[in-house]
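> When you get a sec, could you give me coordinates for this:
(one chain, ligands or ions: 1)
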Amino acid sequence: MKFGGTSVATLPRWQNILELVASRRAEGARVLVVVSALSGITDALKQMCAQEDKGKRIEAAKAIAQRHYDLLDHMQLAVPGTLADRLAELAQLAEDGPSLLGELAWSALVQAHGELMSSALGSAFLTHSGLPTQWVDARDCLSAIALPNQNERTKLLSAMVEAKPDPALNARLAELGEVFITQGFIARESQGRTVLLGRGGSDTSASYFGALLKAQRVEIWTDVAGMFTANPRQVPSARLLQRLDYEEAQEIASTGAKVLHPRCLSPLREPRVPLLIKDTNRPELEGTFIGPEVREHAPSVKAISARKGITLVSMESVGMWQQVGFLADVFANFKQHGLSVDMIGSAETNVTVSLDPTENLLDSDALAALASDLAKVCRVKVIAPCAAITLVGRGMRSMLHTLSTVLAEFGQLRVHMISQSSNNLNLTFVVDESVVDELLPHLHELLITAGALRTDDSALFGPSWQALYGSGEVLPPAASWWRDGRRADLLKLGAEHTPRYVYHLPTVRQQARELKTLAAVDRLHYAVKANTHPAILKALAEEGFGFECVSPGELKAVMAVVPESAPLLFTPNFAPREDYEWALTTRATLSLDSIYQLEHWGEVFRGREVVLRLDLGRGLGHHEKVRTGGSGSKFGLPVEQLDAFLRLADTHGVTVRGLHAHLGSGILDDGHWGEVYGQLASIAERIGSVTFLDIGGGLGVPSHPGEARLDIAALDKVLREVKAAYPHYQLWMEPGRYLVAEAGVLLTRVTQTKGKGNGTIRYLGVDTGMNSLIRPALYEAWHEIVNLSRLDEEATALFQVVGPICESGDVLGTDRRLPEPQEGDVMLVAQAGAYGKVMSSPYNLRDEAEEIILE
Ligand code: LLP
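Purely as a prediction, here's the structure:
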């Protein structure tokens with residue numbers, strides 16, 4: 001168990017350590033505590049070393065001693081002999097100065113006293129508190145090794161230890177007792193001199209000891225619960241990473257996470273000793289467990305990090321193409337200037353490398369010196385300041401297809417370099433430093449939305465930083481009527497018969513009422529294509545909604561249940577002439593979306609008022625297949641044909657009363673509808689006859705856990721602002737999904753399971769699939785799936801949830817962590833109220849799902 005400087009600086013903190021160590025003892029473990037110096041002491045010792053005046057050094061040593069006396073006072077303890085010895089030594093070192101030992105060795109020994117003293121103090125405290133604790137000198141256990149390219153400074157101040165399991169040490173300690181305390185940060189080299197382990201030294205010591213003793217585990221106790229999916233200071237919604245393998249953790253540590261020094265993981269890898277990061281103040285939190293690779297996980301991006309202050313050095317060969325030895329010449333210069341290279345990109349005549357400031361002492365002098373030497377062998381260009389944005393995850397290359405929306409973000413930026421690590425664990429983009437702060441939270445969110453960061457796997461991804469440490473202003477998780485209030489009803493319905501869609505009307509009404517708070521909107525229509533169940537239509541009519549229909553069938557279904565007063569829109573696309581003729585016999589407001597309709601059927605519309613649906617040239621939405629704008633999509637009249645359309649309208653006495661645009665479905669960006677209103681309004685100004693603007697539907701509902709909800713208040717603000725600029729138009733909307741998605745679930749039962757690939761792939765079969773819910777197959781849509789019969793059991797294994805249809809695409813969910821299922825268990829597929837039943841088919845002649853309404 002390793003504790004850092006702040007954790008050992010006060011009496012309450014030591015009482016905390018006492019409790020934690022005692023709890024491990026109670027589990028039957030023997031405990032070795034590794035401590036840092038009291039906070040501030042290492043710095044004080046360094047300052048003492050820099051002091052040339054002997055008198056001042058002695059003063060400094062006294063002040064340092066006093067810090068320890070004060071803490072002992074608090075603990076009501078006398079100065080223990082071990083500490084008195086250390087203090088005497090320190091006083092002597094202050095007196096002697098560096099002349100006897102040499103500057104570096106003296107400085108190392110002086111600094112080592114920070115840990116020697118804190119551990120002596122801790123041993124006294126724990127022993128006096130009833131936990132007999134043996135003080136162990138770390139230097140008797142950790143031997144530094146000599147490395148090539150090591151100078152005297154790195155040998156003494158940044159040493160490395162080869163830590164192989166040492167049964168003799170284990171035996172020696174076993175004879176001494178059960179609880180031990182030793183120092184982080186220090187070791188001994190072959191000549192017997194005290195050496196330091198450099199940055200992150202105490203964590204590294206803990207790992208060395210973990211490896212030497214082949215410990216059950218190493219626990220790093222610190223002030224945060226572990227590693228997160230992003231730097232929480234930049235991304236407060238970053239999630240705690242609960243399980244990582246050594247390589248992933250090392251990669252995350254090397255690319256930015258500060259909680260653990262990357263080098264403290266390698267000693268643990270071979271002896272397979274796990275490492276656990278825990279929060280000293282919140283020991284109940286799970287923390288981050290780092291261990292040998294755990295295969296039972298779905299491929300996932302684990303973290304996104306950003307390192308600033310990156311310098312790129314681009315080197316163009318001036319000699320011949322593929323000149324032998326070019327790389328050797330170039331890299332020799334980096335070695336000579338003591339600069340360690342991070343990433344490398346190469347072409348036949350160019351090689352570009354990045355230098356990371358955390359590994360290099362980079363100042364303009366160092367760079368200028370490097371550049372001038374390099375100039376002898378190549379043409380040099382230095383690009384700075386840059387930032388490296390890194391995605392980390394095992395099997396990065398197999399996840400590329402999930403990253404398309406994330407990669408699209410880089411389209412607007414200057415990307416200087418892309419590097420894919422040869423261990424297949426990271427993908428790095430080097431961009432201008434200035435863009436990073438804004439970009440990172442956005443990319444993190446996109447990774448979740450794209451399903452690349454699998455936050456649905458709660459075994460891996462813990463709570464967000466915000467939820468753990470934030471101000472408490474966390475939006476509650478999405479309403480789940482089915483998890484809380486109505487579970488028993490659903491289990492009963494599922495036991496009776498499956499497949500069944502169940503719709504919760506109070507949720508429909510709740511969503512409707514939320515949209516009615518949009519003060520800027522003059523008229524709301526429900527896009528009935530999402531779900532045409534009569535009870536839902538009726539409920540929304542009662543809430544005052546109008547209805548948007550795309551076929552005579554939809555119009556008839558609506559007219560059959562809603563009152564005469566409910567406004568109707570008819571918004572067909574590539575429909576036959578008869579549909580329009582028929583719709584004109586109803587009270588529906590008709591929309592046109594092509595020249596053809598007026599050119600060939602002009603007489604049909606003579607004297608009528610219509611809505612014109614426009615294509616604003618771009619589409620948006622949760623999947624390519626639901627984006628309804630641009631030349632690649634069949635919807636709307638392209639704006640460049642507007643004048644021709646208006647001339648034809650004039651010829652046939654048709655009045656354009658409204659303009660309409662719908663760019664796609666599943667949009668979570670509140671700014672979008674403001675842009676559409678603004679664009680339509682400016683076009684309407686040219687037409688003159690327009691009185692209302694219909695800005696479509698498309699309001700998204702987040703599906704992945706952790707994805708942000710659409711902010712309706714923010715949307716209202718956006719709309720009120722644009723409307724203030726064009727107040728003379730009525731504003732209409734026509735959402736579908738937003739009203740019904742969360743109100744519906746699909747119930748289905750487990751039929752059987754199957755293992756493949758030596759049990760690494762497990763299929764869980766249910767009694768319906770793409771015939772009832774095609775969204776996963778068609779759009780790779782993500783629906784939460786739970787085993788309703790075992791909601792309280794631990795989800796232990798990953799399953800591919802599949803249906804009984806004869807298609808490989810008949811998958812409802814991939815890599816879902818679920819409890820061990822049994823035949824007949826009732827499974828629930830969530831957010832199935834929109835585009836579920838309405839898109840189902842009789843394929844394979846399987847029975848269609850029934851629909852049930854819960855009031
Ligand atoms: N208005 C028009 C003209 C539409 O075409 C649509 C949807 C909507 C409104 C309602 O969009 P919503 O608010 O529901 O996003 N089957 C896909 C969605 C296709 C949407 C088609 N048009 C899915 O399951 O995601």
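> I'd guess residue 38 is in a helix, am I close?
No. According to DSSP: H, G, I helix; E, B strand; the rest coil, residue 38 belongs to no helix; its state is coil.
> what are the phi and psi angles of the closest residue in space to it that isn't next to it in sequence?
Nearest residue to residue 38, sequence neighbours excluded (C-beta to C-beta, 6 or more residues apart in numbering): residue 9, at 4.8 Å. C-beta here means a position set from N, CA and C on the backbone, and glycine is covered the same way. Here is the backbone geometry of residue 9 (degrees, to the nearest 10): phi -90, psi -20.
> Any figure for the gap between residue 828 and residue 490?
7 Å (C-beta to C-beta, to the nearest Å).
> ok, now which ones touch the residue nearest to residue 38?
Neighbour list for residue 9: 38, 39, 40, 71 [criterion: C-beta atoms under 8 Å, 6 or more residues apart in numbering].
> now residue 260
Residue 260 is in contact with 200, 203, 220, 227, 249, 253, 275, 277, counting by C-beta under 8 Å, 6+ apart.
> joint contacts of residue 828 and residue 490?
482, 745, 747, 788.
> ok, so of these, who is nearest residue 216?
residue 788 (38.0 Å; C-beta to C-beta).
> For burial, what's the neighbour tally of the closest one?
Neighbour count of residue 788, defined by other C-beta atoms under 10 Å: 20.
> my read: it touches residue 492, true?
No. Counting by C-beta atoms under 8 Å, residue 788 stays clear of residue 492, with 10.7 Å between them.
> who's residue 275 bridged to?
Using DSSP bridges, the beta-bridge partners of residue 275 come out as residue 218, residue 290.
> From the ligand, how far off is it?
Distance, residue 275 to the ligand, using C-beta to the nearest ligand atom, to the nearest Å: 43 Å.
> What separation is there between that residue and residue 693?
Residue 275 is 59 Å from residue 693, by C-beta to C-beta.
> One more: residue 792?
On the measure of C-beta to C-beta, residue 792 and residue 693 end up 50 Å apart.
> Show me which of these two is the more surrounded one.
Using other C-beta under 10 Å, the more surrounded residue of residue 792 and residue 693 is residue 693, with 27 against 6.
> The more buried one belongs to a helix, doesn't it?
No. Residue 693 is assigned strand when assessed by three-state DSSP, not a helix.
> confidence score at it?
We have a pLDDT of 98 for residue 693.
> Now find how far off-centre the longest helix along the chain is within its chain.
Secondary structure of the chain per DSSP state H: the longest helix is helix 103-128. Mean C-alpha position of helix 103-128 versus that of the full chain (C-alpha atoms, centre = their mean, to the nearest Å) differs by 40 Å.
> in its sheet, what does the next helix or strand after that helix sit against?
Once helix 103-128 ends, the next helix or strand along the chain (criterion: DSSP states H and E) is strand 133-135. Using DSSP bridges, strand 133-135 pairs in its sheet with strand 179-183 (parallel).
> Please tell me how far residue 827 sits from the ligand.
Going from residue 827 to the ligand by C-beta to the nearest ligand atom gives 20 Å.
> cool, and residue 801?
Applying C-beta to the nearest ligand atom to residue 801 and the ligand gives a distance of 18 Å.
> Identify the residues contacting whichever strand or helix holds that residue?
Using DSSP H and E, residue 801 sits in strand 797-802. Strand 797-802 is contacted by residues 296-298, 753, 761-766, 769, 785, 810-818, 820-821, 827 when judged by C-beta under 8 Å, 6+ apart.
> cool, stretch 708-727 as well?
Applying C-beta under 8 Å, 6+ apart, the contact partners of stretch 708-727 are 237, 445, 475, 478, 514-515, 517-521, 667-668, 670-671, 673-674, 677-678, 681-682, 684-685, 699-702, 729, 731, 738.
> And stretch 572-586, by the same measure?
Contacts of stretch 572-586 (C-beta under 8 Å, 6+ apart): 550-552, 555, 559, 568, 570, 590-591, 593, 597, 601, 604-605, 608, 634-635.
> ok so, going back, and the contacts of strand 797-802, which of them are in strands?
753, 761-766, 785, 811-818, 827 (DSSP state E).
> Next one: the residue nearest to residue 82 when sequence neighbours are not counted from residue 31, what distance?
If the residues on either side of it in the chain are set aside, residue 82 comes closest to residue 120, at 3.9 Å by C-beta to C-beta, 6+ apart. Residue 120 sits 17 Å away from residue 31, going by C-beta to C-beta.
> So between these two, which is more surrounded?
Using other C-beta under 10 Å, the more surrounded residue of residue 120 and residue 31 is residue 120, with 24 against 21.
> What score does that one have for pLDDT?
97.
> same deal with residue 320?
57.
> For the stretch 351-500 of the chain, list the residues in contact with the ligand, please.
The stretch 351-500 of the chain comes close to the ligand at no residue, as judged by C-beta under 6 Å from any ligand atom.
> burial count for the residue of the stretch 351-500 of the chain found nearest the ligand?
For the stretch 351-500 of the chain, the residue closest to the ligand is residue 449, as judged by C-beta to the nearest ligand atom, at 13.8 Å. A count of nearby residues for residue 449, using other C-beta under 10 Å, gives 22.
> Restricted to strands, list the contacts of stretch 572-586.
Among the contacts of stretch 572-586, the residues falling in strands (DSSP E) are 568, 570, 590, 591.
> between these, which is nearest the ligand?
The closest of these to the ligand turns out to be residue 591 (C-beta to the nearest ligand atom; 8.4 Å).
> Thank you, goodbye.
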